[in-house]
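> Quick one, what's the 3D model for this:
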Amino acid sequence: MFLRSMFAVSAEMSALSGHLPERGLAPGVILPGSHTMQAFAQSGVLLYQLSSAPLADDEVTLVGTVKSRFLAPVVPGDQVVLDVRADRLSGHTFTFSAAVTVEGRSVAGFRGAMSRVTVDPARARPW
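Below is the predicted model of the structure:
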């Protein structure tokens, strides 16, 4: 099973604010904590639910690990496409990966794992 998602890079993105103002560039050092990593995780949550079952009201997904590899810069005006694949579903653990491209050019790759856990609202927060 796979899922394709996309986001457009805008010069107004907070990750770019103040970073190389004369040269709008989203370097790899910024991408892991920002939009590309977030898009990967959110796409993984959707694919996990499509591969298994929707989350119950008392369930959440926790992303446990993410490995990333950045291959090329992404600049304002780029449309970033994530081809996310389900690699394995075992019990409540889901592993997934993504190839990330801009106009067919590889710019990044990700591998991740997540699980679903039940949260008891009467107990203390897990974080």
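
> From here on, just use CA atoms for contacts and neighbour counts.
Fine.

> Which parts of this protein are helices?
Assigned helices in the chain, in chain order: 35-51 (criterion: DSSP state H).

> Could you pick out the longest strand of it?
strand 105-118 (DSSP state E).

> So in that sheet, which strands flank that one, and in what orientation?
Using DSSP bridges, the strands paired with strand 105-118 in its sheet are strand 59-70 (antiparallel), strand 93-102 (antiparallel).

> and the last one, average pLDDT?
The pLDDT scores in strand 93-102 average 96.

> And the residue nearest the centre of the chain, how far from residue 97?
Note on the chain: the residue nearest the mean C-alpha position is residue 40, at 1.5 Å, using C-alpha atoms, centre = their mean. Note on residue 40: its distance to residue 97, by C-alpha to C-alpha, to the nearest Å, is 8 Å.

> Tell me the residues that contact both of those two, please.
84, 110 (C-alpha atoms under 8 Å, 6 or more residues apart in numbering).

> Mean neighbour count, the strands paired with strand 105-118: which tops it?
Of all those, strand 93-102 carries the top mean neighbour count, a mean of 22, counting by mean count of other C-alpha atoms under 10 Å.
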